[in-house]
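*Asks:* give me coordinates for this.
(2 chains)
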Amino acid sequence: MYQDDKSEARRIPRVSRRRFVQGLAIGGAIAALDGGRRRAFGEAALRSPEILTGKHFELTIDSLPVNFTGHRSVATAINGSVPGPTLRWREGDTVTIAVTNRLKTPTSIHWHGIRLPADMDGVPGLSYPGIAPGETFHYRIPVEQSGTYWYHSHSRFQEQTGLSGALIVERNGKDTIGFDREYVVFLSDWTDTNPETIFSNLKEQSDYYNYHRFTVPNFLSAAKKKGLGPTASNRLAWARMNMSPTDLSDVSGATYTYLLNGNAPNANWTGLFRPGERVRLRFINGSSMTFFDVRIPGLQMTVVQADGNDIEPVTVDEFRMGVAEVYDVIVQPKENAAYSIFAQSEDRSGYARGTLTPRLGMAAVVPPMDPRPMRTMVDMGMGNMAGMKNGGMAGMDMSGVDGMKKSDMPASSKDATDKDKPSMAGMDMGNQSMAGMDMSSNAGKPATPSAHDDMQPMAGMEMGSSSGTTPFPQPGPTTMPIMAMSGNANADVNLKPSNPVQMRVGPQVDNVPMQVSERLNDPGVGLSGNGRRVLTYADLRARFRGVDPRPPTREIELHLSGNMDRYIWGFNGQKFSSAQPIELKLGERVRFVLINDTMMEHPIHLHGLWSELENGHGEFNPYKHTIIVKPAERLSYLVSVDTPGRWAYHCHLLYHMEAGMFRTVVVS
Amino acid sequence: MSNLAICNRCAFRTKHGFHVGSVVFAVLLWFFLTSATRAQMSAPQPAAKADATVPAMEPPVMDNQIFYHILLDQFEDRTNGPDNELRWDGEAWAGTDMNKLWLKSEGFSTNTTVSDGDHEALYDRPIPHMRYFDAQAGVRADLDSGPKRAWAAVGIEGLAPYFFQFAPTFYIRDGGNVAGRLVGSYDLLLTQRWIVQPEAELNFYNKDDPARQIGSGLSDLDTGVRLRYEISRKFGPYVGFAYNGKYGSTATYARKAGETTNDPRFVFGLRLWY
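*Replies:* Modelled structure (predicted):
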């Protein structure tokens, strides 16, 4: 159908020794090297990437002929697999990973969401120069957290060509979630088109992949329904700005085939269960450009973890995943029936699909895709408050949220909860000493791994925690908040951005919204009022109290900006190459305020440090690594600047990042 | 901008337009390439700033990449039955987001002659505080079967509100000759692939140029409406109707030469880009 893309398919090298894999690219030929002890998790998980466990891993990156679409193409594979093997680490271990590059170009692997020394973060140009062809790089990572994460290349567009995989870190201690069976559900977007061509096409014609633009018949049918006047004035209002409400995803199903664990929809990845079991599904959005709306018709999903951090269980019918976001859900199918895992792209141009079934051979009906949504003037920052409230309320079935008070809203400059409750309240001292141990074990980890042996528990507590100069532990059942220094108690009052930004339109900025609002209660475009209970950011309440109750002493305001027509993206109207790094001071606690001036969602990812989303849950605000900012939304999150180094900070839409929506964050 | 001033002076001093054109083209190319390089080099090096001991590395993202595209907007046969002519109108650009080199070319060709041959090389840069318009400056060479002319060119090109493609350009050459050109087009989608494109080009001159059969005032209008089918974004065959009209003393010259001043024709052709 989309012949333009086929004609641009990458040439296939004639290398006969390479495997040619039909329909999926799970080779595993080079795998099973020493240290990578295989384990059959979810024994019947058909056609999933293989699982590697242990403390030492050997990964080989090479090109691999594949066929996901009916046409042959070339992927970038890890150990002969697309996605790469699922790695299982254990909290408390120090893992080593030898990554060998057999490509003709430099490569890299970034461990998304993992807190580690900056030189192990895997970003060429910041952490290291990358892994040159023929070379092996040895990662050494002390694992101080648990949960579901993923890894991917940070070199140009290799992520788009398949260089990514799931990363699971098992908790050191008792599992907090409880499940009988688990599967990774790794979602990705595959294209036979060379990503360089996609990028170039977008520069020439930014709606190249939008095959749902307004047409004359659209206009006529809308005019018939809503009247000629309102339809015409609506269309003209958009056209006056040279923008289109049909602009949902820059790259669409016109070129993408959406994959689930490396399986195209017709290949139907299948996971088995016994009726009544609690099945944990680890959803990872490992795509380059696609937001997925995920549901399992007939089953409710209880979301238990977001971006690797436990949250208070919240039961939903559906949730949206921004690129790079991770959600763990529990489903408990009781019937002896098959269920479809259905992940449609935000623009409804395609879907990824798999099946949960009690026995092989059963399949459930694949539901039709929902109607394609449209952007509204609220997304342009031109809605009135009434309209906005309605928009927010439509999707606001907030039974699970109790901490939502007006005074808790991130828009207010102080965090009421922090003030009302002394940070030590409700904690017994036994726990406290454990927390001290926990934190001191982190002290000076990058420089002196031997700190384990000769640590001073209380010194570790004081040095490492309250000053924030050594990594805080991930909140868990045994961690507790550090004691905030009294001098900082009022620091948050009347906090002003340290860098007030005045936005104006120009070649790099096609819109400055008149009105931005917090849209945490809004599940997102196309999901409000669809009759299903859809997860919102307001639902995310951390299960364990945050470890750093200090109020922020500084606010950094960043506008997410861009010019869709020119396909230039950036922060504060500047792309990476014309901007200075964001400087953070080791030990400080800062608030990032993001204001989305564009009409698209941007999943913003800060490397190396947690982003504590200020969604009204106070000290139970969720820890995330990737935060979606909706069009014309203003939201904020807190960051404990506890790990030095040069970190990447960017929009995780791959082509936005390469177009300039990237900053270096320097912690020193 | 100093090199642009040089261009203007050259154009005023000499009548050997073709050579001036190539010299100015070279100057523009040089300016373009060096400014692109400057943009790359002036990119801040966070690595160096944060830690002087870190070895030099490629930046983590390359957002000053040079792209290039070629668009042949009209590549068509125009026919009124007995008479056929080939029409082309295309453009190409290469460069970064902020610095581009544009080449434009258009003209008519019959078995015997090439007419209205217009070729331009322009430096292009987005206009500050404007979202969708670029400023362009460079040279235009009239190269066809008629006498050659060289012009200095200054214009803007971009997307006007309501998705109108719009490009007014002014030209100056020796002897106080001034010309203007207005180009506009619009894409009307019947479906995602069937697209109607009305388009018009108007040319103005301040002085007569009898050797090229051009009169002062509005000299000619070339307009048309084309229905294309985008087999892909980059490959769209079309059919349509085009009208070429000559006005004022340009029309008088045409009548004297025994040519028509009202020339409606059917067209069929290909829209291509790369």
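*Asks:* taking chain B, what residue is nearest to chain A?
*Replies:* Proximity of chain B to chain A (CB to the nearest CB) peaks at B:Ser232, 2.8 Å away. Backbone N, C-alpha and C define where each C-beta goes, glycine included.
*Asks:* how about the residues of the stretch 451-600 of chain A near chain B?
*Replies:* Within the stretch 451-600 of chain A, the positions near chain B by CB under 8 Å from any CB of the partner chain are A:504-510, A:563, A:565-566, A:568, A:575-581.
*Asks:* which of the residues you listed are buried?
*Replies:* Those of those that meet the buried threshold are A:505-510, A:563, A:565-566, A:568, A:575-579, A:581, by 16 or more other CB atoms under 10 Å in any protein chain shown.
*Asks:* let's see which of those residues end up in helices.
*Replies:* Among these, none falls in helices (DSSP state H).
*Asks:* spatially central residue for chain B, please.
*Replies:* For chain B, the residue sitting closest to the mean C-alpha position, by CA atoms, centre = their mean, is B:Lys104 at 3.6 Å.
*Asks:* identify the bridge partners of it.
*Replies:* Note on B:Lys104: beta-bridge partners B:Glu91, B:Glu120, judged by DSSP bridges.
*Asks:* secondary structure element holding A:Phe219?
*Replies:* helix A:216-226 (DSSP states H and E).
*Asks:* with A:Thr96 instead?
*Replies:* With DSSP H and E as the criterion, A:Thr96 is inside strand A:94-101.
*Asks:* pairing partners for the next helix or strand after that strand, with directions?
*Replies:* Next along the chain after strand A:94-101, taking DSSP H and E as the criterion, comes strand A:110-112. Strand A:110-112 pairs in its sheet with strand A:147-152 (antiparallel), by DSSP bridges.
*Asks:* helix or strand right after the partner strand?
*Replies:* As assigned by DSSP H and E, the chain's next helix or strand after strand A:147-152 is strand A:164-170.
*Asks:* what pLDDT is listed against the residue of chain B closest to chain A?
*Replies:* At B:Ser232, the pLDDT value in this model is 96.
*Asks:* ok, the one 4 residues further on next?
*Replies:* As summarised for this prediction, B:Gly236 has a pLDDT of 97.
*Asks:* ok, B:Gly258 - how many residues close by?
*Replies:* 6 (other CB atoms under 10 Å in any protein chain shown).
*Asks:* equivalent analysis for the one 10 residues further on, please.
*Replies:* Each residue near B:Phe268 was counted by other CB under 10 Å, and the total is 13.
*Asks:* re earlier: my read: the residue nearest to the centre of chain B touches B:Trp88, true?
*Replies:* No. Shown here, B:Lys104 and B:Trp88 do not form a contact pair, counting by CB atoms under 8 Å, at 10.9 Å.
*Asks:* OK, contacts around A:Ile582?
*Replies:* By CB atoms under 8 Å, 6 or more residues apart in numbering or on different chains, the contact list for A:Ile582 reads A:Ile556, A:Tyr649, A:Arg663, A:Thr664, A:Val665, A:Val666.
*Asks:* can you give me the helices for the chain?
*Replies:* All of this is about chain A. Taking DSSP H, the helices of chain A run over residues A:3-6, A:195-204, A:216-226, A:228-240, A:385-394, A:416-420, A:429-440, A:457-460, A:654-658.
*Asks:* sorry, I should have been clearer: chain B.
*Replies:* For chain B, helices defined by DSSP H occupy the ranges B:2-13, B:17-41, B:46-50, B:248-256.
*Asks:* before we move on, back to that, in the helix holding A:Phe219, which residues are buried?
*Replies:* Residues of helix A:216-226 classed as buried by neighbour count (16+ other CB under 10 Å): A:Asn218, A:Phe219, A:Ala222.
*Asks:* chain B: which of those is nearest?
*Replies:* Taking CB to the nearest CB as the measure, chain B lies nearest A:Asn218 of the buried residues of helix A:216-226, at 8.4 Å.
*Asks:* any idea how far A:Arg235 is from that closest one?
*Replies:* A:Asn218 sits 9 Å away from A:Arg235, going by CB to CB, to the nearest Å.
*Asks:* what's the spacing between the residue lying closest to A:Tyr208 once chain neighbours are set aside and B:Ala92?
*Replies:* Nearest residue to A:Tyr208, sequence neighbours excluded (CB to CB, 6 or more residues apart in numbering or on different chains): A:Asn201, at 4.4 Å. Distance of A:Asn201 to B:Ala92, computed by CB to CB: 16 Å.
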